[in-house]
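# would you be able to build a 3D model of this:
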Amino acid sequence: MVAVFIHPGKAYGLRNSQLRATTRLLVSLAALALWTQAKEWYIAPDGTAAGDGSKERPWSLEAALKPHPMIAPMDTVWVRKGVYNGAFVGRLKGAPGKPVVLRAYPGERVVLDGRGFSPKAVLTIEGEWAWYWGLEVTNSDPQRTVGTPGSNTPETRGGGISMMGPNTKVINCIVHDAGVGVGQGKGIPDMEIYGTVIYNNGWRAPDRTHGHSIYSQNTRGEKWIRETILFNPFSFNMHIYGSKNAALDHFRLEGNVGFNGRWLIGGDAPVRDLVMRENLLYGNTAELRYTNRQNEDLVLERNYFPVAVSAGLGWNRVTAKGNTFLRPGRAGVLMDVTISAGNELKSSVFEGNTYVVGKPDQAVVSVLAPGMTEAKAYSFAAWQAEGFEKEGRLKVIANGTPQEPEVFVRRNFYEPNRAHVVIYNWPKRDFVEVDISAMNPQPGDRWVLRNVQNYFEELETGVYDGKPLRVRMTGWTAAAPVGEDKPLYPATFPEFGVFVLTLEKGSRGKTALAADPSREGMGATGALLRTELPEGFFTGDAVAGAAPFGEELGGVRVHVTDSEGGLYWARVAVVDREKLVWEAPWECALGWARVRLIREGEPETDAGWLLLERAAPGLFTLDGSGRGAALGWVRYRDGTAKPLISCDSRGCRGEALDGGEAEELVLLGSGFGRLEGAWARVGEQAAEVRGVERAEYPGVEWVRVGWRADAGAGWVAVRAGIGEKAGNEVGVGVR
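Model prediction:
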């Protein structure tokens, strides 16, 4: 292991006497040297409880989920291809910042089928600090009609995934043809559904159709629903709903795609602290209300809403920034808002939004506020006269329908070679060009594009040639629900299409952020990066640089050609047989840069392309994954400072800080650069960033974050960023 010591005294003004050599920070992470004791285990359809979890003697799924006593925090449990029939209960248990990961083996189709086990869910997630990744969850029972009305009867079709454990995640799964696709328990905090495709869930009963894509409530902590694709439910797509005894608090809906199904967020109890960012809707409504009247704090940012948006029945305030509101081919207001009793319209914020209308005087917003006997509709000019939208935009287009396609490519956070491609083909062209450069594709990479409406049957493949993909918008179909002979909704093509794009990368080196290796192909000038080395490229012992850090280490150099043709050598920090760690030169122009690796007396090695941005913030973690225990220091009110980790002969581990006496975190980061606008969150609250200062080590920065005394005890999440660029989430233990 390569150990690197960084002295933070100058970074935040501590007296040298306070920094004995024994308390210097040991940087042991993926960017420099991966330190982990995590193990890998295996499950197979023919596995048994008597197995040892190896490839040769795998466990059964039931045995692993009990959980098996050999599974420890940070372990990965690989599930091999095949069909697993049953109603499974996952009790996997990690530790704060150290989840257990149960994941489909790469490239293999893993199906959990609940046929014969209704009304039980196919997969019930209990335990805690566990991630369930890449699974297909379904019910192949063709019986979709029952004889008993209601949502909770013995005939109910069992749900897909029931999330009942705190700090659990469902990542990049496919959930279809169950009852409710994914359900979340209301009293269980800090869950996430990410990147999951959910469709054709529900059943028919004498009273009505039942079953939603997502059904959720929340009382404490936050529930994150991000980058999901929701469509064709028997009932609602997004159903955050409950009676007057339910709680609907602290939801974060980001980057989701919803079509052919209503979004209803509300019930008989108030909704509190609802944040919706960058969601993309089509062919449904966004109903942010029900009978509840004293809702609190609605935030809408950068959503694309070609649908009617209703925030009625009473919000104390609405903050809407950077959204696009339109209703192609339809008249009527684009959004209606009701302000609850005791509040004023002027406390709300509408700024930087775009309104697409067919006529200049078309009403864009309808408002019902205290003191008004009926709602009032405002044209854009009248809305500005009320003091809103000084930076807003009005687009007047015939019939309110854009003349060019709108295309969104949303790269996957957990799998950087995966993305959701969303195409609003308003002019109904046969083909639409899609620029996938944000995924850092290399010429020769193979791409696969799947139509989500018929996910397992319809796809196209090709080889990337450096040009935008030419995506066909005709000829695609929608899959019928299991047991039925036609789709619940017609296919949305050619006007609208959603695809899952995956890349199979070539053999050249892959470059990622050192602080967050999951963010491949991205960087910033001055950031610390890591490039995977081809086998046999470097055969010597691992070497770590030292001040003043040069442009050559172990006979290896990094050469960068920026987007304007500038040629630069990079400072090199670490080289071993698997990776090269280096600093992106400050002088590079922003945009696509080409990376080459040079060894003495050998031909250069092409390491591919890298997108350099103004900022690519990240925080380092103990295990080098970009997740888990943060690296850095805590400074207390009495002026003393202690490291957030400790190391001895048994290894390194996180140390809990005294939350009542803490004054400031000094976190090891990279990619924040020389920009202003740094922000941070400690737990659920915004925190003060007191400075971002360069360390002596290449690409490394000290990020000073004021501690929040109200952060609570236990595992506390910390995140920092620059402007709209958010860094990875790390954590600290608090006593």
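# show me where the stretch 51-200 of the chain has strands.
With DSSP state E, counting those that start in this stretch as the criterion, the stretch 51-200 of the chain has strands at 76-79, 82-85, 88-90, 100-104, 110-113, 123-125, 130-133, 136-138, 161-163, 168-171, 174-176, 182-184, 191-194, 197-199.
# output these in JSON lines; the columns should cover mean neighbour count, distance to residue 687 and mean pLDDT.
(C-beta placed from N, C-alpha, C; glycine too.) Output for those, formatted as JSON lines (neighbours: other CB atoms under 10 Å; distance: least, CB to CB, whole Å; pLDDT from 0 to 100):
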{"stretch": "strand 76-79", "mean neighbour count": "23", "distance to residue 687": "32", "mean pLDDT": "97"}
{"stretch": "strand 82-85", "mean neighbour count": "17", "distance to residue 687": "44", "mean pLDDT": "98"}
{"stretch": "strand 88-90", "mean neighbour count": "21", "distance to residue 687": "34", "mean pLDDT": "98"}
{"stretch": "strand 100-104", "mean neighbour count": "23", "distance to residue 687": "29", "mean pLDDT": "96"}
{"stretch": "strand 110-113", "mean neighbour count": "22", "distance to residue 687": "40", "mean pLDDT": "98"}
{"stretch": "strand 123-125", "mean neighbour count": "26", "distance to residue 687": "30", "mean pLDDT": "98"}
{"stretch": "strand 130-133", "mean neighbour count": "24", "distance to residue 687": "26", "mean pLDDT": "98"}
{"stretch": "strand 136-138", "mean neighbour count": "24", "distance to residue 687": "37", "mean pLDDT": "98"}
{"stretch": "strand 161-163", "mean neighbour count": "26", "distance to residue 687": "28", "mean pLDDT": "97"}
{"stretch": "strand 168-171", "mean neighbour count": "25", "distance to residue 687": "24", "mean pLDDT": "98"}
{"stretch": "strand 174-176", "mean neighbour count": "25", "distance to residue 687": "35", "mean pLDDT": "98"}
{"stretch": "strand 182-184", "mean neighbour count": "25", "distance to residue 687": "27", "mean pLDDT": "95"}
{"stretch": "strand 191-194", "mean neighbour count": "23", "distance to residue 687": "21", "mean pLDDT": "96"}
{"stretch": "strand 197-199", "mean neighbour count": "27", "distance to residue 687": "34", "mean pLDDT": "98"}
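# which one, of those, ends up nearest to residue 374?
Evaluated over those, closeness to residue 374 peaks at strand 182-184, with 37.8 Å, by CB to CB.
# re the thing from before, now render the strands of the stretch 51-200 of the chain as JSON lines, adding distance to residue 460.
Putting these into JSON lines (distance: least, CB to CB, whole Å) gives the following:
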{"stretch": "strand 76-79", "distance to residue 460": "28"}
{"stretch": "strand 82-85", "distance to residue 460": "27"}
{"stretch": "strand 88-90", "distance to residue 460": "34"}
{"stretch": "strand 100-104", "distance to residue 460": "23"}
{"stretch": "strand 110-113", "distance to residue 460": "23"}
{"stretch": "strand 123-125", "distance to residue 460": "31"}
{"stretch": "strand 130-133", "distance to residue 460": "25"}
{"stretch": "strand 136-138", "distance to residue 460": "21"}
{"stretch": "strand 161-163", "distance to residue 460": "29"}
{"stretch": "strand 168-171", "distance to residue 460": "25"}
{"stretch": "strand 174-176", "distance to residue 460": "19"}
{"stretch": "strand 182-184", "distance to residue 460": "28"}
{"stretch": "strand 191-194", "distance to residue 460": "25"}
{"stretch": "strand 197-199", "distance to residue 460": "17"}
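# show me where the protein has its helices.
For the chain, the helices defined by DSSP state H occupy 9-12, 61-65, 380-385.
# quick one: contacts of the second one?
What it means is helix 61-65. 41, 43, 47-49, 51, 53, 71, 77, 79, 84, 86, 88-92, 102, 112 (CB atoms under 8 Å, 6 or more residues apart in numbering).
# burial count for residue 360?
Applying other CB atoms under 10 Å, we find 10 residues neighbouring residue 360.
# same deal with the one 3 residues further on?
Close neighbours of residue 363, defined as other CB under 10 Å, add up to 21.
# same check on the one 3 residues further on?
Counted with other CB under 10 Å, the neighbours of residue 366 add up to 19.
# ok, the one 3 residues further on next?
Burial of residue 369 is recorded as 18 neighbouring residues (other CB under 10 Å).
# which parts of stretch 600-612 are buried?
Neighbour-count burial for stretch 600-612 flags 605, 607, 608, 609, 610, 611, 612 (criterion: 16 or more other CB atoms under 10 Å).
# what's the distance between the nearest residue to residue 182 once chain neighbours are set aside and residue 219?
Spatially, and ignoring its direct neighbours in sequence, residue 182 is nearest to residue 161 (4.7 Å; CB to CB, 6 or more residues apart in numbering). Per CB to CB, to the nearest Å, residue 161 is found 20 Å from residue 219.
# the closest residue to residue 49 other than its chain neighbours: neighbour count?
Distances taken as CB to CB, 6+ apart put residue 63 closest to residue 49, at 3.9 Å, once the chain neighbours are dropped. For residue 63, the tally of surrounding residues (other CB under 10 Å) stands at 17.
# in the stretch 501-650 of the chain, where is pLDDT below threshold?
Scanning the stretch 501-650 of the chain for pLDDT under 70 picks out 506-509.
# tell me which stretches of it form strands.
511-513, 522-524, 528-532, 543-544, 556-561, 567-569, 571-575, 579-583, 591-599, 605-613, 618-619, 632-636, 641-643, 645-648.
# equivalent analysis for the stretch 351-500 of the chain, please.
354-357, 363-368, 376-379, 393-396, 406-411, 418-424, 431-434, 446-451, 459-463, 469-472, 496-504.
# between the ones you listed, which gets nearest to residue 129?
Residue 129 lies closest, by CB to CB, to one member of the strands of the stretch 351-500 of the chain: strand 418-424, at 23.7 Å.
# so where's this protein shaky on pLDDT?
The chain contains residues with pLDDT under 70 at 1-37, 506-509.
# noted, bye for now.
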